[in-house]
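# Quick one: sequence plus predicted model below, questions after.
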Amino acid sequence: MMRLVGESVDVDVDGSGAALQEDCRRQLVAGPPTLTAAKVESERYRISDLVDDLTGVTDPLERAAIATTLWDAALRLLLGGEGRWLGTGKGLVREVVALDGDVAPLAQAADRVLAPPRCSSAGWPPRS
């Protein structure tokens, strides 16, 4: 919401929105609060646990659920560690693109993680 207000065109007729817009702009420029060391360690542990879960999963739905959670956690830690604002959904990806325009490696990693296992002994593809 802060970005929406701070970066939008002020269309109010009496100028009352100008102060709110300026406050949002100041907050955007200042950036989010710095991550504490405890928060960084907690998130690193969470991400390690998700990677471990992903390594052993064979069910495609479980794999997608874990991969999605891992993707979100990793991007949030990346952005938070760089003192950048977060987003949700496409907003999260846009923030990463704004941080580093070369997101091809992230996209390739996501494709690899979400790809189903290639051997039938892992239960894929499912048999009818």
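On my side now, so go ahead. Being a predicted model, the structure only gives us computed values, none of them experimental.

# Residue 9 versus residue 21, what's the distance?
Distance, residue 21 to residue 9, using Cβ to Cβ, to the nearest Å: 9 Å. Just so you know, the C-beta spots here come from the backbone N, C-alpha and C atoms, and that holds for glycine as well.

# Compare neighbour counts for those two and give me the winner.
Neighbours around residue 21 and residue 9, counted as other Cβ atoms under 10 Å, are more numerous at residue 21. The numbers are 16 against 5.

# by contact count, what packs against the helix or strand where the more buried one lies?
With elements taken from DSSP states H and E, the one containing residue 21 is helix 17-30. Helices and strands touching helix 17-30, by 3 or more Cβ pairs under 8 Å, 6 or more residues apart in numbering; DSSP states H and E, are helix 2-7.

# circling back to that earlier point, show me the contact partners of whatever helix or strand comes next after the helix holding residue 21.
Downstream of helix 17-30, the first helix or strand assigned by DSSP H and E is helix 37-56. Helix 37-56 has contacts (Cβ atoms under 8 Å, 6 or more residues apart in numbering) with 35, 63, 66-67, 69-70, 73-74, 76-77, 80-81, 113.
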